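J.: I would like the atomic coordinates for the input below:
(2 chains)
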Amino acid sequence: MPATLRLTVLAAIAALLLSACAAPSPSAKLSAAVYSIQNVGSDTMVNLALAWAEAYQGEHSDVRIAVTGGGSGTGIASLINGTVDLANASRQIKKEEIDRAQANHITPGEHTVARDAIAVIVHPSNPVERLTLQQISDIYTGKITNWKQVGGEDRPIVLLSRESNSGTHVFFLEQVIRLGDSKSKALFSPETLLLPSSEGITAEARQNPNAIGYDGLGYVTPEVKVLAVARKAEGPFVMPGIESVNESTYPIARDLYMYTVGQPAGPLEQYLSWILSPAGQQIVGKLGFVPLAIRP
Amino acid sequence: MSQAKRKIYIGQVIAEGLIRASGFSAIAFVLLIFAFLAREGVPAFWEVRPDVLLGARWYPTEGHFGLWPLILGSILVTLGAAVLAMPTGLLTAVFIAEVAPRWLREIVKPMIEVVAGIPSVVLGFLGMLMLSPLVRQVFNAPTGLTAFTGSLVLAYMALPTIISVAEDALDSVPRSYRDAALALGATKWQTIWRVTVPAARSGILTAMMLGIGRAIGETMAVMMVTGNAARIPLTLDSLMRPVRTMTATVAAEMGEVAQGSTHFHVLFAVGIVLFVITLLVNVLASLAIFRQTRRSERLLS
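T.: You can find the predicted model right below:
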């Protein structure tokens, strides 16, 4: 009897464990009236998405929103693979990604939900106050290697960047390194340090006087120094901020997007409208990004 | 057969069957992992031209799939860790096994086990925040996120493994060896370095190989402290410059790739390279130990 009892118990445990192997389906109707939304993607937007999710769930108890980061590339890839409902991206979807989505019978729907500026940061003791886009591009492609070439001290320049799956990285590559030229093949210098998160960039920039880095405005802390950027050598050198982004005087600004599978419906559509409403946009401003509503 | 005997017999058969299944499953898992790696990674070798794979630039989102910076980066960091950890590990093991008084041994051994239990992410975080500024200031390097910092962290992680296994090996050398050496007039140091350590050679070698294996495969710690710059580390100052290891590359990029894309296959190819290198290290270690055993069998017979 003990042998058969043991076997039965083992079989029961195995059955219990194996039942956990079923993958959850996105946007599942969990119970009578609770909807779940999977929101994955941009690390730049993850705090913003979390703040939105918390605020929305506070008012609507019938919706559960799960937010994770992983990078814009990760979010869009998950949308294409059909595992999420809502992908956050700090860059626009690429043509190859749209093609791959179509191959999976998915037409991504694009929604602009906020704006962001990319700040160029250096160590607080760095005497350089301003750079042109061309100078930043030359620094990051490795043409300029010493701070004294741009008016600083005689120090080697250490390049900090986000990983290549980051929308911030791709945006910086296209708009700053390639200066918006879609035919340019310029790349980040191989000496660029690709750090796994914004915290990595801030941690290095605040203690290394040789460092230059870039990150979304919402992630800049008072421990680092922000540089003023100009489009042209004679042009106005502008610091990033809500006004300069909305007036389009700050050269490195971008839209933040959320992508859905086709046109959203039901709870997802309500969530998106809430995000675009004054209530949602107020949270954008609080987190250091640029709200859409004030845009002229 | 009586009822009782039959029960025992059936129990034995089932137990033997389960044990056999477990044993074979270990082999099966390794083969299955390799088969999966091969299935997803081999397409990379015909999707990407060989001269691109052997190129010097790793920038996969723009089609540059050069593996050399990654392979050399992993090798540099692992070699650095080996150079730092092997002598230190051996000396510490000798200290614990041969020199330390009993009471000190009882304190140090558990402490080493504790160090082995520290998660690699924590060590990486500490390395990033505390160790890298120190490295930058002491060595006057442009940045503290370098191959050397990575080697330091990896050496620290490999040390407990090396120390534990080497110390066990030294412990298992029969007392008669030491007694014989002392009887022949050797000093304590002569006994240790000329008798005990050579006698425990195979165990110490195993310890080193396990330590290296741990260092090659480490992901999170190196991702946080080496800077992940895909440069070819062949110049003399490369130890004080950032590198990008194979493990960090796979960890950082696997999330973004769409399944079935070229980038996806190349990442699996990186996995294959890593697998092969680790396999080589283990095979070499086994060969060395095998030869050692055969030799000692011949000597003692």
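J.: I'd like to know which elements the biggest helix by length in chain A is packed against.
T.: Among the segments of chain A that qualify as a helix by DSSP state H, the longest is helix A:2-19. Secondary-structure packing of helix A:2-19 (3 or more C-beta pairs under 8 Å, 6 or more residues apart in numbering or on different chains; DSSP states H and E): helix B:3-47. (C-beta placed from N, C-alpha, C; glycine too.)
J.: one step back: now the helix or strand following the longest helix of chain A, how far from the centre of its chain.
T.: Counting by DSSP states H and E, the next helix or strand C-terminal to helix A:2-19 is strand A:35-41. Relative to its chain's centre, strand A:35-41 lies at 16 Å (C-alpha atoms, centre = their mean, to the nearest Å).
J.: What's the local residue count around A:Ala186?
T.: 16 (other C-beta atoms under 10 Å in any protein chain shown).
J.: show me what contacts it?
T.: Each residue near A:Ala186 by C-beta atoms under 8 Å, 6 or more residues apart in numbering or on different chains is listed here: A:Ser137, A:Thr141, A:Ile177, A:Arg178.
J.: Phi, psi for the first one please.
T.: Recorded main-chain torsions at A:Ser137 are phi -60, psi -40, according to degrees, to the nearest 10.
J.: Now the longest strand anywhere in chain A: buried residues?
T.: For chain A, the strand that runs over the most residues, judged by DSSP state E, is strand A:108-122. Within strand A:108-122, the residues that count as buried by 16 or more other C-beta atoms under 10 Å in any protein chain shown are A:Pro108, A:His111, A:Val113, A:Ala114, A:Arg115, A:Asp116, A:Ala117, A:Ile118, A:Ala119, A:Val120, A:Ile121, A:Val122.
J.: next one: stretch B:235-246
T.: Counting neighbours by 16+ other C-beta under 10 Å, the buried set in stretch B:235-246 is B:Ser238, B:Leu239, B:Met240, B:Arg241, B:Pro242, B:Val243, B:Arg244, B:Thr245, B:Met246.
J.: Compute the first-to-last residue distance for it.
T.: Start-to-end span of stretch B:235-246 (C-alpha to C-alpha, to the nearest Å) is 19 Å.
J.: now stretch A:153-168
T.: End-to-end for stretch A:153-168, by C-alpha to C-alpha: 28 Å.
J.: Could you list the buried residues of it?
T.: A:155, A:157-168.
J.: got a list of what B:Gly144 touches?
T.: A:Asn208, B:Leu131, B:Ser132, B:Pro133, B:Leu134, B:Val135, B:Arg136, B:Gln137.
J.: Report the separation between the closest residue to A:Leu195 other than its chain neighbours and B:Arg241.
T.: Closest residue to A:Leu195 apart from its sequence neighbours, by C-beta to C-beta, 6 or more residues apart in numbering or on different chains: A:Ile201 at 5.3 Å. Noted for A:Ile201: a distance of 18 Å to B:Arg241, by C-beta to C-beta, to the nearest Å.
J.: Point out where chain B drops to low pLDDT.
T.: B:1, B:291-301 (pLDDT under 70).
J.: just the helices in it please.
T.: B:3-47, B:50-53, B:68-94, B:102-117, B:120-126, B:132-139, B:147-171, B:175-183, B:188-191, B:197-199, B:201-217, B:220-225, B:246-253, B:262-300.
J.: burial of B:Ala21, as a residue count?
T.: 10.
J.: what's the spacing between B:Val276 and A:Gly285?
T.: 53 Å.
J.: interface residues of the stretch 1-150 of chain B facing chain A?
T.: Where the stretch 1-150 of chain B comes near chain A, counting by C-beta under 8 Å from any C-beta of the partner chain, the residues are B:7, B:10-11, B:57, B:59-62, B:64, B:69, B:128-129, B:132-133, B:136, B:142-145.
J.: Can you turn the buried part of those residues into a PyMOL selection?
T.: Buried subset of the residues of the stretch 1-150 of chain B next to chain A, written as a PyMOL selection, criterion 16+ other C-beta under 10 Å:
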select buried, chain B and resi 57+60+61+69+128+132+133+136+142+143+144+145
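J.: quick one: average pLDDT of stretch A:158-169?
T.: Across stretch A:158-169, the average pLDDT comes to 87.
J.: if we can go back for a sec, which of the contacts of A:Ala186 sit farthest apart?
T.: Using C-beta to C-beta, these span at most 9.4 Å, a distance reached by A:Thr141 and A:Arg178.
J.: Quick check: phi and psi at the closest residue to B:Gly150 other than its chain neighbours.
T.: Closest residue in space to B:Gly150, ignoring its immediate chain neighbours: B:Thr226 at 4.0 Å, by C-beta to C-beta, 6+ apart. In terms of degrees, to the nearest 10, the main-chain angles of B:Thr226 are phi -100, psi -10.
J.: I'd say B:Thr226 and B:Phe148 touch.
T.: No: taking contacts as C-beta atoms under 8 Å, B:Thr226 lies outside contact range of B:Phe148: 9.3 Å.
J.: between those two, who's got more neighbours?
T.: B:Thr226 (32 against 25).
J.: So what's the residue count around the closest residue to chain A within the stretch 201-301 of chain B?
T.: Among all residues of the stretch 201-301 of chain B, B:Glu256 sits closest to chain A, at 3.3 Å; criterion: C-beta to the nearest C-beta. Neighbourhood size, B:Glu256 [other C-beta under 10 Å]: 23.
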